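Visitor: I would like to see how this sequence folds:
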Amino acid sequence: MVEQVNSQLPKTLTGIKGLDDLTFGGLPTGRPSLLCGAAGCGKTLFSMTFLLNGAISYNEPGVFLSFEERPKDLEDNVASLGFRVADLIQEKKLVLDHVHIERSEIEESGEYDLEGLFVRLGFAIDSIGAKRVVLDTIEALFSGLTDSALLRAELRRLFGWLKDKGVTAIITAERGEGQLTRFGIEEYVSDCVILLDNRVEDQITTRRLRVVKYRGSAHGTNEYPFLIDDEGVSVLPITSAGLKHKISREAVSTGVADLDAMLGINGYFRGSSILISGLAGTGKSTFGAAFVEAACKRGERCLYFAFEESPDQIVRNMSSVGIDLKDHLDAGLLRFEAARPSLYGFEMHLARMNRDIERFDPQVIVVDPISAFRGPSLEIHATLVRLADICKARGITAVFTSLSSVGDQMSESERSVSSLMDTWISLADMEANGERNRVLYILKSRGMNHSKQLREYRLSKAGIHFMDAYVGPDGVLTGTARLAQEAKERESGMARQQNTEKLRRELTRKREVAKRRIAELQADLAREEDEVETIISQEEAREAMLGSNRSEMAVARGHHHD
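Guide: So this is what the prediction gives:
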């Protein structure tokens, strides 16, 4: 059975953010590691940072033995990073030593002996109890040797001596032609080999790091961008975009009440990624700033990455639409990171953004705009995948803005990032009646119902205001076209109302005429009834009179017979 040694191999933390992650704990303790690369890729500063972090953060004193730069130059070089080398030297936590090797002397005498170096280095290590050692650079040390067999033997002897001393060592080496190092031997006798690369593409420099080998330990095998600036060295250790993020069902306001109402949960999901795309002047940055303002009002930290405008310009411009970012900036809830996209390569930008996110620990970020990046779509996509992955892993709600192309064609940045986005809001210009008006629609919003309507919106001193949705016979109407159609409909409505009133008056008139005719007919009927009653009464009186006359005549006849 093969015994696993990964977890048992003792390691020493370098204190360089990212490098310790991808090496799963740092460099091999008590063993030499080789740091190789071309001139200007940062070998000296990398190894010096390893020493200084050990002295300051891990209570491990260190010795820096240089064969090229003098201690004063080294001290000046790292002073810009905030390290006070003189204080560490005084506190017996650091030794800087310079050994001058004269190549001609070695060539003339033909002798080469490392004993003097061992004595000098051994004394320096013992004087402060050093745990870490840097030798910079090995070419200068062996520059006079031409015999490869002797060179290999002396290298093995040096590495063996360092192991016997039990120090964790970094040996720097120049990049060779067609091989990792100039001699092509060092990488074979080192337990860990790290390659630094400083390449220029399209006039933009990108520094990359790769762990070529690491005996007895697993390690990240990809190339990783690393950053050297006024805040030190940092490596971006992302091997792949994971899909195991924790999700949230919490809704966070967009900062625009009308937009909240269009989204099924009344806002964005916390930890989601949002793309706001549109033509120039449609208000992409304004929607991003409204989101930032709402988050700051909730007491959340916001990080705003600006690639086209300076922070002061953004604050000024947003104040014109009723969004006050200055108070949140002063309160420390909002932080701007502004840089031209052309300043670094994609991965360098990503390394900076990753470091800023880790340092500030925001709940919300805005990247404005991603379309400012120019380059191969694969690189843009890879950069944005990593950034979205960083945000999702940390539960950060991220808003990306993108400048759309004119017409239906998607821009490179939109095509690269659209599939990664949970919510995609499109801002557009609609032209009618000789004017342009802004409209918004939600292309997608994963995990929620959302409005399918096109909504007109306006930017004013009071902020972003949505107009009532109006769909005319020919589709959505905006601006004066909507006003004209509304006026036309008001006129039509008024005409219909007037017609209704006319019909109502006509009916009332007819009703009155009918009432009068009925009254007249009733009066005529009453008169006829009176006349009939009179005639009937007269007839009845006549009948009664006739009956009475007959009775009298009968009586008269009776008397006559007697």
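Visitor: any idea how far Val134 is from Val95?
Guide: Using C-beta to C-beta, to the nearest Å, Val134 is found at 11 Å from Val95. Heads up, the C-betas are built off the backbone N, CA and C, glycines and all.
Visitor: shared neighbours, those two?
Guide: Shared between the contact lists of Val134 and Val95 (criterion: C-beta atoms under 8 Å, 6 or more residues apart in numbering) are residues Gly62, Val63, Phe64.
Visitor: wait, doesn't the last one sit right on Val134?
Guide: Spelled out, that is Phe64. Yes - in this structure, Phe64 is within contact of Val134 by C-beta atoms under 8 Å, at 4.8 Å.
Visitor: anything in contact with each of these two?
Guide: Contacts common to Phe64 and Val134, judged by C-beta under 8 Å, 6+ apart, are Ser47, Met48, Leu51.
Visitor: can you pick the most crowded of these?
Guide: Neighbour counts for the shared contacts of Phe64 and Val134 (other C-beta atoms under 10 Å) peak at Leu51, which has 30 neighbours.
Visitor: Can you flag which of the shared contacts of Phe64 and Val134 belong to helices?
Guide: Mapping the shared contacts of Phe64 and Val134 onto helices (DSSP state H) picks out Ser47, Met48, Leu51.
Visitor: If we only consider those, which is nearest to Ala382?
Guide: Ala382 lies nearest to Ser47 out of these, by C-beta to C-beta, at 29.1 Å.
Visitor: my read is Leu65 is in a helix, agree?
Guide: No - assessed with DSSP: H, G, I helix; E, B strand; the rest coil, Leu65 is strand; it does not lie in a helix.
Visitor: Does the closest residue to Ile16 other than its chain neighbours fall in a helix, a strand, or a coil region?
Guide: Leaving aside its chain neighbours, Ile16 sits nearest to Val233 (5.2 Å; criterion: C-beta to C-beta, 6 or more residues apart in numbering). Recorded secondary structure, Val233: strand (three-state DSSP).
Visitor: Please verify my assumption that Val233 contacts Phe226.
Guide: Yes - Val233 lies in contact with Phe226 (C-beta under 8 Å); the separation is 6.4 Å.
Visitor: Which residues are in contact with each of those two?
Guide: Gly42.
Visitor: And those two? Which one has more around it.
Guide: Phe226 (27 against 24).
Visitor: Tell me the confidence at that one?
Guide: Per-residue confidence (pLDDT) for Phe226: 80.
Visitor: how about it, phi and psi?
Guide: For Phe226, the backbone dihedrals (degrees, to the nearest 10) come out as phi -130, psi 160.
Visitor: Now for it: which residues touch it?
Guide: By C-beta under 8 Å, 6+ apart, the neighbours of Phe226 are Gly18, Leu19, Gly42, Leu196, Arg207, Arg208, Leu209, Val233, Ser234, Val235, Leu236, Ala351.
Visitor: show me where pLDDT drops low in the stretch 251-400 of the chain?
Guide: 342-347, 374-376 (pLDDT under 70).
Visitor: how about the strands in it?
Guide: Ranges of strands within the stretch 251-400 of the chain are 251-252, 268-269, 273-278, 302-306, 334-338, 364-368, 397-403, based on DSSP state E, counting those that start in this stretch.
Visitor: which residues touch the second one?
Guide: Surrounding strand 268-269, the residues in contact under the criterion C-beta under 8 Å, 6+ apart are 247-252, 254, 274, 397, 422-423, 447-448.
Visitor: ok, it: who's next to it in the sheet?
Guide: Its sheet considered, strand 268-269 pairs with strand 251-252 (antiparallel) by DSSP bridges.
Visitor: Give me the residues contacting the partner strand.
Guide: Leu263, Ile265, Asn266, Gly267, Tyr268, Phe269, Arg270, Ala294, Ala295, Arg298, Val364, Thr397.
Visitor: Swap in 6 Å and give it another go.
Guide: Ile265, Asn266, Gly267, Tyr268, Arg270, Thr397 (C-beta atoms under 6 Å, 6 or more residues apart in numbering).
Visitor: same check, this time on stretch 450-458
Guide: Identification of contacts with stretch 450-458 by C-beta under 6 Å, 6+ apart yields 262-264, 437-442, 464-467, 469, 476, 478.
Visitor: The nearest residue to Phe118 once chain neighbours are set aside: neighbouring residues, count only.
Guide: Closest residue in space to Phe118, ignoring its immediate chain neighbours: Trp161 at 5.7 Å, by C-beta to C-beta, 6+ apart. Counted with other C-beta under 10 Å, residues neighbouring Trp161 total 18.
Visitor: For Trp161, give its distance to Ile365.
Guide: 50 Å.
Visitor: And for Trp424?
Guide: Applying C-beta to C-beta to Trp424 and Ile365 gives a distance of 17 Å.
Visitor: The residue lying closest to Leu329 once chain neighbours are set aside - how many residues pack around it?
Guide: In this structure, Leu329 finds its nearest non-sequential neighbour in Val315, 6.8 Å apart by C-beta to C-beta, 6+ apart. Using other C-beta under 10 Å, Val315 is surrounded by 19 other residues.
Visitor: And for Lys502?
Guide: Count around Lys502 with other C-beta under 10 Å applied: 10.
Visitor: same check, this time on Leu259
Guide: Leu259 has 24 nearby residues by other C-beta under 10 Å.
Visitor: next one: the helix or strand hosting Arg550 to chain centre, how far?
Guide: Arg550 is part of helix 479-561 when elements are defined by DSSP states H and E. How far helix 479-561 lies from its chain's middle: 86 Å, per C-alpha atoms, centre = their mean, to the nearest Å.
Visitor: Beta-bridge partners for the closest residue to Val292 other than its chain neighbours, please?
Guide: Spatial nearest neighbour of Val292, excluding adjacent residues (C-beta to C-beta, 6+ apart): Cys302 at 4.7 Å. The partner list for Cys302 in beta bridges (DSSP bridges) reads Leu334, Val364.
Visitor: buried set for the helix or strand containing Arg210?
Guide: Here Arg210, judged by DSSP H and E, is contained in strand 204-214. If you call a residue buried by 16 or more other C-beta atoms under 10 Å, then strand 204-214 has these buried ones: Ile204, Thr206, Arg207, Arg208, Leu209, Arg210, Val211, Lys213, Tyr214.
Visitor: Good, wrapping up.
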